[in-house]
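Chemist: Fold the following and give me the result.
(chains A and B)
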Amino acid sequence: MTQAMTTALTSPNVIDGIKSSSSIVLSGQTTQYLTAKIGTQMFGLPITDIQDVIEMMPLTHVPLSPPHIAGIMNLRGRIVTAIHLDRLLHLPPAPADSKTQSIVFEYEGELYSLIVHRVGDVMALPTDDLRDPPPTLDDHWLQLTNGIFRLDGALLMILDLRRILQKLKPPSIASDEAAS
Amino acid sequence: MDDLLVEFLNETNESLEELDNDLVRLEQHPNDRDLLSKIFRLMHTIKGTCGFLGLPRLETVAHRAENVLGSFRDGVLEVTPDYVTLIFASIDRVRMILQALAQTGQEPEGDDSELIAQLDAVGQETKIVKATPAADNGTDKLLANLPASEGGLSADALAELEAAFAAAPGMDGIANAFDVVPVNTPALATPVLATPALATPALATPAPDLSAPAIPASPLAKNDDKAALAAAPVGEAHTLRVNVDVLENLMTMVSELVLVRNQLVQISRVQKDNDFTTPLQRLNHIVSDLQEGVMKTRMQPIGNAWSKLPRIIRDISHELGKKIDLVMLGQDTELDRQVLELIKDPLTHMVRNSADHGIEAPAARISAGKPETGTIKLNAFHEGGYIIIEISDDGKGLGFDRIRNKIIQNGLATEDELAAMTPNQIYQYIFRAGFSTAEKITSVSGRGVGMDVVRTNIEKIGGSIELRCVEGKGTSFFIKIPLTLAIVPALIIAAGGQRYAFPQLAVQELVMISPTSDRQIEIINQSPVYRLRDQLLPLITLRDVLQMPVDESKKTDVQYLVVSRVGAMKFGIIVDQVFDVEEIVVKPVAKILKSIELFSGNTILGDGSVIMILDPGGLAREVGDVDSTQNAAEAETTDQSSEERTTFLVFNAGNGPPLAVPLSLVARLERFDAHQIERNNDQYVVHYRGKLMPLQPIAADFNLRGYTRVPVLVFQNKDQQMGLMVDAISDIIEDVAHIDVSSTEPGIMGSAIMQGRTMDVIDLAYFLERSRFRWLDDGVSDLDADFTVSHSRKRKGRILLIDDSAFFRNMIQPFLKMAGYDVMAVATPKEALRLQDTGEEFDLIVSDIEMPDMSGYELAQAIRASHNWADVPLLALTAHAKPEDVQRGIDAGFHEYVGKFDRDNLLSRIANTLSQHAPRS
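Modeler: Below you'll find the predicted structure:
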């Protein structure tokens, strides 16, 4: 991963102007994304934001918490707050018998995890191909995304972890931050 | 900033604090030579070091102050408060300059000439007094020439030395070497002065010229060392300054280690008998020791937080013209420095409050019959894993009326609400925001920071604060705080199938309630309550509060009650299960969960699972939400009004209206199978708890054949038991009992309307009597040996009972009679006093307190002043006995206080009181 990053940063932007919607461009200004699925919808997260991908662990439910908070868990001695991504995006839940996975990341010194139905491949995508999400997109989604990539026969929605957590914060703190 | 300067600032700040306290002591003991020498040395060291570091402004102030101190020490100037104030002013100036130094690294601009002139004026007085030949050469010379103790003299010599060094060019190197701090010195100076051994003779060389030719170099060197070391606390030679961050880091790591240890222990517990058991045990011990050791490094004596107080009290007493003694006990009690820092300001604030508002001016104290000098006492001690700090004064109290007025003025409560509150509840208002009762704002306090800030700060660190106040006698605050914040003991409980940690600090006791328990959870006006001893405890169900589903699989008949206390609020939490107490490492909850007020953090348990830590404060607010008005009235059964509320058990028997009996008189509720009940000569009995218990039917036409199971109210008096058979137990209600005592029906005392229903209150005495005679007549001697004996003997004593409530008269009288006393009951104190006039004699008088026309206190005074009864022991009987009531009663002449509902206690108190006061034959 570090290797890829270095390549991305040092290689000159030579293939300027070549845009392909049918294949993944491996050189040029690219960003690596970890893909994950909720149902059939594919999402991408910048790989530099991610700390860990883990299988589901026992969770402790946090009473009185909003429904998208799955609970808290112990990841090697640190407490991680797990979030149901499907509920956050108002998507149907995973089938009861399926094994979900969890993408762990750190935000402001605290560990969080997004529970997804299935984690997919890592993709390196040209930064220039990132498109603004269509304004007709569902409002829940618009608030949480940075943009989308058009892939072969699918749309990859890029999630913005910062915005997800801003949205989840209690209103008072969130508005403070917005003001500052 | 220069390392040297930082070191200097640290040391000087410590010295200044010491100086403050020493000066206060000096003022009290002006002739303490040792103390004077110590103060002089401290000031001297400050001055000396300033010279080295090139801080002329600081040096001048310190120097002139030292001159005055020198005059004290040499006995040419008397220690008077005015002079001490001047020295304090100098110290404050030094402190001010130091603060600026710490911020900017530079001495601040400013003019000290006024202060210096004052100090010099004192110096001049000295000269006039002494009139030594050297007078015109400035004080330094004067001091140097004065014959004085050896130590002092050499110190003076040193002063001269330093002055010379400061004046001479290129002396910085020497100065640094003098402190034995290796720095980049000019090449010339370094080789010669690199070691202290070498430095000493070199420094000593000019000494003979300046002052003391007779003193050899070595003692000078010794003194010199001493002066240099004086800033370090005496007797702590083996100490090391360690950066606080290092300690914090260490603590964090130990916390993690504790968690891992807990995990390992848990694993080992599951897999019994493996090779790891023994080493794990050792690891366990080592980790515990390590934890303790690291904790110790963070521990500081609480005296550190108090060090500024003597000075504060001294200043306040001077400014306000009061006389105040500050007594400090348990200064050595240690607690975590983090906690110490957090309580420092609240403590200072409270002591300042006591001095400013609590202690009266001397004249007011004398007219109140108190010693002229007021006392503020600070006391700290360990209790469990907590430290208790008591701050008490013998001042005028909090001013009950002023607080009342303020509450109404600020719209915090209405007159009616206040009328229903106990004084203690009213005092609690001082902890509300924006509540300051100081009539005028003095420079000392009344700065708008109130007790609310104090309470908030203390609760923030998981502590609690309580207050006790007796008007005119004084006020006491009790602060309970955890020793450390990082690792706290917590009770692990479960509700709705999940575990939670509950801080042990807030746990008062645990109660298990099973279907056979004496007392059950009762429902009053849809809110659950539990009668814990004489208190009615509002309850919350944790499972409901947390909105957790009922865990059907784990459902049992047994309920657990965690009795907790937050501030003055006492409440019970119903939980499904109670586990161990575990030491937990508190970790903050994620920001996105912060808004849930019921949790104060989360933690990882020994088995690796993560659980939430409940916030007692948040739960207490839940209790308030359930029904705040009702709880205000019920949280304490001590209702101040004379309208005493009583809780009744309501039941049915026969065809009449529902019947009621005071719940407090009922020991238990039972249900017996009809076939268990035997009939023995018209008397029903049942085998109960290893004995035969007589049973009485309420209804006259009772027939056992109509029942399969019979509900029975069990009454108990010591070993004696009696059961009342009823048809059905229907309710528990609480209301003021206005009983119309006009019934002629046997067994019924009268009827009352309670909560809109008419019911007959039974005359328990009637049933007890009936039962008792049956016992005797039937000769069931094994049941009642004690009673038979007491009955056959002559009466134990003659008691006069005074109570305006017919209901209580009728309740208490039979109990006393049953216990073998001869009882006479009257309704008013006036009637009682008439008996006195007619020459009636009693061994003991038991009186209610709240009565119309004449209160129990007045009665007690009248009895004490009377001719016949002056020596008769007096017992106060009341529904609410608070410490201040007890005191008032004792002042009025009562010997003992006893709760109305506390029958066993009543009997034992009576017996005690009678045995202490020799009964007449």
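Chemist: Looking at strand pairing, list the partners for the residue most central in space within chain A.
Modeler: With distances taken as C-alpha atoms, centre = their mean, the residue of chain A nearest its centroid is residue A:45 (3.5 Å). Under the criterion DSSP bridges, residue A:45 forms beta bridges with residue A:34.
Chemist: residues of stretch B:532-544 that come out buried?
Modeler: For stretch B:532-544, a neighbour-count test (16 or more other C-beta atoms under 10 Å in any protein chain shown) marks B:532, B:534, B:536-543 as buried. All C-beta spots, glycine's among them, are computed from the backbone N, C-alpha and C.
Chemist: what's the most distant pair in these?
Modeler: Spatial extent of the buried residues of stretch B:532-544 (C-beta to C-beta) is set by the pair B:534 and B:543 at 28.2 Å.
Chemist: Could you confirm residue A:125 falls within a strand?
Modeler: Yes: counting by DSSP: H, G, I helix; E, B strand; the rest coil, residue A:125 is part of a strand.
Chemist: rewinding a little: among the buried residues of stretch B:532-544, name the ones in helices.
Modeler: B:542-543 (DSSP state H).
Chemist: now the buried residues of stretch B:532-544 as a markdown table including pLDDT and distance to residue B:106?
Modeler: Shown next, in a markdown table, are those (pLDDT from 0 to 100; distance: C-beta to C-beta, whole Å):
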| residue | pLDDT | distance to residue B:106 |
| --- | --- | --- |
| B:532 | 82 | 64 |
| B:534 | 71 | 67 |
| B:536 | 82 | 66 |
| B:537 | 86 | 63 |
| B:538 | 88 | 61 |
| B:539 | 90 | 64 |
| B:540 | 91 | 60 |
| B:541 | 90 | 64 |
| B:542 | 92 | 59 |
| B:543 | 90 | 64 |
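Chemist: Out of the buried residues of stretch B:532-544, which sit inside strands?
Modeler: B:532, B:536-541 (DSSP state E).
Chemist: Looking at the residues you listed, which is nearest residue A:57?
Modeler: residue B:541 (29.8 Å).
Chemist: How about that closest one, nearest residue that isn't a chain neighbour?
Modeler: Among residues not flanking residue B:541 along the chain, residue B:574 sits closest, at 4.4 Å (C-beta to C-beta, 6 or more residues apart in numbering or on different chains).
Chemist: Test my guess that residue B:540 contacts residue B:575.
Modeler: No: assessed by C-beta atoms under 8 Å, residue B:540 is found out of contact with residue B:575, at 10.1 Å.
Chemist: who touches the nearest residue to residue B:658 once chain neighbours are set aside in this structure?
Modeler: Leaving aside its sequence neighbours, residue B:658 sits nearest to residue B:759 (C-beta to C-beta, 6+ apart; 4.5 Å). Residue B:759 sits next to B:648, B:650, B:657-660, B:751-753 when contact means C-beta atoms under 8 Å, 6 or more residues apart in numbering or on different chains.
Chemist: Most neighbours out of those residues, which is it?
Modeler: residue B:660 (28 neighbours; other C-beta atoms under 10 Å in any protein chain shown).
Chemist: Report how many residues lie close to the residue in the stretch 351-500 of chain B positioned nearest to chain A.
Modeler: Relative to chain A, the nearest point of the stretch 351-500 of chain B is residue B:498 (6.2 Å; C-beta to the nearest C-beta). By the measure other C-beta under 10 Å, the count of residues near residue B:498 is 20.
Chemist: repeat for the one 4 residues further on
Modeler: As a burial measure, the neighbour count of residue B:502 was computed by other C-beta under 10 Å and equals 23.
Chemist: just residue B:245 next, same as before
Modeler: Neighbours of residue B:245 using other C-beta under 10 Å come to 8.
Chemist: Check the one 4 residues further on too.
Modeler: Using other C-beta under 10 Å, residue B:249 is surrounded by 11 other residues.
Chemist: what's the answer for residue B:623, then?
Modeler: 24.
Chemist: can you tell me which residues contact the nearest residue to residue A:137 once chain neighbours are set aside?
Modeler: Closest residue in space to residue A:137, ignoring its immediate chain neighbours: residue A:145 at 7.6 Å, by C-beta to C-beta, 6+ apart. Contacts were defined as C-beta under 8 Å, 6+ apart; by that measure residue A:145 touches A:133, A:137, A:157-160, A:163.
Chemist: quick one, phi psi at residue 43?
Modeler: With no chain named, the answer covers chain A. phi -130, psi 150 (degrees, to the nearest 10).
Chemist: please go with chain B instead
Modeler: phi -60, psi -40.
Chemist: so how far is residue B:107 from it?
Modeler: Distance from residue B:43 to residue B:107, counting by C-beta to C-beta, to the nearest Å: 18 Å.
Chemist: Of those two, give the one with the bigger neighbour count.
Modeler: Using other C-beta under 10 Å, the more surrounded residue of residue B:43 and residue B:107 is residue B:43, with 26 against 18.
Chemist: And whatever helix or strand residue B:603 lives in, what's buried?
Modeler: Assigned by DSSP states H and E, residue B:603 belongs to strand B:599-604. By neighbour count with 16+ other C-beta under 10 Å, strand B:599-604 contains the buried residues B:599-604.
Chemist: Stretch B:294-304 now?
Modeler: Quick answer for stretch B:294-304 (16+ other C-beta under 10 Å): B:294-295, B:298-304.
Chemist: ends of it, how far apart?
Modeler: Stretch B:294-304 has its terminal residues 19 Å apart, counting by C-alpha to C-alpha, to the nearest Å.
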